[in-house]
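>>> Sequence and predicted structure, then a few things I'm wondering about:
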Amino acid sequence: MDATKKQKKKKRKRPHQKHAGAASLAKRYPFATDFCDHFETPRQAYADVAPALDALVAKSRAETRIYDPYYCDGAVKRHLRELGFTNAKNDNLDFYASKAYRDPANTTHDVVVTNPPFSEDHKERCLRWALATRKPFALLLPAYVVERRWFREAFGDEARPFFVAPRERYGFDHPLGAGADASPFFSVWVVDSGRGAAATASIGSTLSDNVFADVDALRRAGHVRAEAKRPNPKRRRKQLARRAGGVE
């Protein structure tokens with residue numbers, strides 16, 4: 001390759017520029033953030049899982065203490081309140097530095113309801129912590145995680161979740177308006193009673209709408225697909241930049 005071609009190749013390479021709003025968004029939080037993780041769960045998702053929450057907790061919706069450890073933009077409390085769940089905790093703090101994370105067995109909530117960040121190992125950390133609380137939880141996760149070894153290992157032989165899946169993929173809203181009408185992956189609620197596999201299965205059997213007893217049922221319904229994996233970080237940043245008018 002001659003010198004001219006080398007120069008042309010170098011010109012094509014540009015230093016990566018983050019989304020125009022990434023810096024200002026990061027200032028809102030007292031913890032490290034990933035711009036691509038900041039998406040609010042839609043109200044419909046909470047409406048879908050609400051019957052499962054009713055079955056998991058023997059209290060009225062107003063009395064049920066819900067804990068969402070991952071803060072985005074505060075919409076979770078509004079959505080839950082509209083559904084009658086008026087006792088929800090979702091604070092703008094570093095969950096991993098909190099007492100709740102360090103001492104899961106002594107948390108005071110009745111049920112965890114959260115959509116954890118999908119980057120890095122947040123999904124796995126969240127699941128393992130939720131299991132350690134030995135209390136009910138509903139985690140909104142990409143359906144493809146059910147095929148991951150860490151997912152199977154986390155549950156082991158003692159627990160077996162059931163799943164609440166939407167009829168259509170959820171769309172997630174970004175605080176800077178960078179959300180998509182439809183997600184590139186299919187998300188499902190992973191639900192566990194915290195009281196063992198038999199108790200969880202019994203609760204799941206009382207529900208009907210969009211409830212799947214196990215991973216095989218999810219597969220048969222077509223909710224677990226290899227192509228549903230999340231795009232790589234570089235591609236996600238480009239997509240977000242285009243939607244919100246940023247530079248990439």
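Structure's in. What do you need? Numbering: from 1, shown residues only.
>>> what kind of secondary structure is L53 in?
Classification of L53 using DSSP: H, G, I helix; E, B strand; the rest coil returns helix.
>>> swap that for V112, sorry
State at V112, reduced to three classes by three-state DSSP: strand.
>>> and it, bridged to which residues?
For V112, the beta-bridge partners under DSSP bridges are Y67, F137.
>>> Around it, how many other residues sit close by?
The tally of other residues near V112 (other CB atoms under 10 Å) stands at 24. Quick note: C-beta positions are derived from backbone N, CA and C, even for glycine.
>>> repeat for A52
That count, for A52 with other CB under 10 Å as the rule, works out to 26.
>>> What pLDDT is listed against it?
With respect to pLDDT, A52 has a value of 97.
>>> Please apply the same query to V113.
Note for V113: predicted pLDDT of 98.
>>> for R125, same thing?
Predicted confidence (pLDDT) for R125: 94.
>>> Secondary structure of it: a strand, I assume?
No: counting by three-state DSSP, R125 falls outside a strand, being helix.
>>> need the contact list for it.
By CB atoms under 8 Å, 6 or more residues apart in numbering, R125 lies in contact with Y96, P116.
>>> count of neighbours near the closest residue to F162 other than its chain neighbours?
Nearest non-adjacent residue to F162, counting by CB to CB, 6 or more residues apart in numbering: G204, 3.4 Å away. Look at G204: counted by other CB under 10 Å, it has 23 neighbours.
>>> cool, and the one 4 residues further on?
Residues near S208, counting by other CB under 10 Å, number 7.
>>> before we move on, what SS does the residue nearest to F162 have?
Going by three-state DSSP: G204 is helix.
>>> Check the gap between it and V113 for me.
Distance, G204 to V113, using CB to CB, to the nearest Å: 16 Å.
>>> Tally up the residues packed near the residue nearest to V191 when sequence neighbours are not counted, please.
Using CB to CB, 6+ apart and skipping residues adjacent in sequence, the residue nearest V191 is A138, 4.8 Å away. A138 has 26 neighbours, counted by other CB under 10 Å.
>>> List the residues that contact A138.
When contacts are counted by CB under 8 Å, 6+ apart, A138 touches V49, A52, L53, L56, V111, V112, V113, T114, V164, W189, V190, V191.
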